[in-house]
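>>> Generate coordinates for the sequence data below:
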Amino acid sequence: MSKGITDKYSREISKITNKLNALEQGRFYDPPRNNSKMDGYLAHNLQEVRKMFNELLIKIDTEAPSINDQLKETFKEK
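This next block holds a predicted model:
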């Protein structure tokens, strides 16, 4: 990935990274291994990571605006 793509989609990448960090820290409910329900069920969160990753790949593939681009446009209009 080039530096430009990493910068452009930094918020999307950050959301995926945060979810993966939470998975690493065991913050999900995965019966019967752990009873912590802080961030929901493990399977559900893995599905979310897959969805976020696929959405990011589609944005990159189609050169769609990133969250950062959308925010810049929103604040530029005001």
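
>>> So in this structure, where's the weakest helix or strand by average pLDDT?
When each helix and strand of the chain is scored by mean pLDDT, DSSP states H and E, helix 3-8 comes last, with a mean of 84.

>>> what distance separates it from the centre of its chain?
Taking C-alpha atoms, centre = their mean, to the nearest Å, one finds the center of helix 3-8 at 15 Å from the center of the full chain.

>>> That helix: which residues count as buried?
Buried residues in helix 3-8, counted by 16 or more other C-beta atoms under 10 Å: Lys8. The C-beta positions use only the backbone N, C-alpha and C, and glycine is treated the same way.

>>> ok, and what's touching that helix?
Ile13, Ile60, Ser66, Asn68, Asp69 (C-beta atoms under 8 Å, 6 or more residues apart in numbering).

>>> Select from the residues you listed every entry located in strands.
Secondary structure assignment (DSSP state E) places none of these within strands.

>>> nearest to Met52, of those residues?
Minimum separation from Met52 among the contacts of helix 3-8 (C-beta to C-beta) is found for Ile13, which lies at 9.4 Å.

>>> quick one on the thing from earlier: so can I have a markdown table of the contacts of helix 3-8 showing pLDDT?
Converted to a markdown table, those look like this (pLDDT from 0 to 100):
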| residue | pLDDT |
| --- | --- |
| Ile13 | 95 |
| Ile60 | 94 |
| Ser66 | 94 |
| Asn68 | 92 |
| Asp69 | 93 |
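
>>> ranking the residues you listed by neighbours, who comes first?
Ser66 (20 neighbours; other C-beta atoms under 10 Å).

>>> Could you report the separation of it from Glu24?
Separation of Ser66 from Glu24 (C-beta to C-beta, to the nearest Å): 25 Å.

>>> how about the CA coordinates for stretch 18-25, as PDB?
Listed in PDB are the C-alpha atoms of stretch 18-25, where the atom choice follows Å, rounded to 0.1, in the frame of the first residue of the first chain:
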ATOM      1  CA  ASN A  18      -8.900  -0.900  17.000                       C
ATOM      2  CA  LYS A  19     -11.200  -3.800  16.600                       C
ATOM      3  CA  LEU A  20      -8.300  -6.200  16.000                       C
ATOM      4  CA  ASN A  21      -6.500  -4.800  19.200                       C
ATOM      5  CA  ALA A  22      -9.700  -5.500  21.200                       C
ATOM      6  CA  LEU A  23      -9.700  -9.000  19.800                       C
ATOM      7  CA  GLU A  24      -6.100  -9.500  20.900                       C
ATOM      8  CA  GLN A  25      -6.900  -8.300  24.400                       C
END
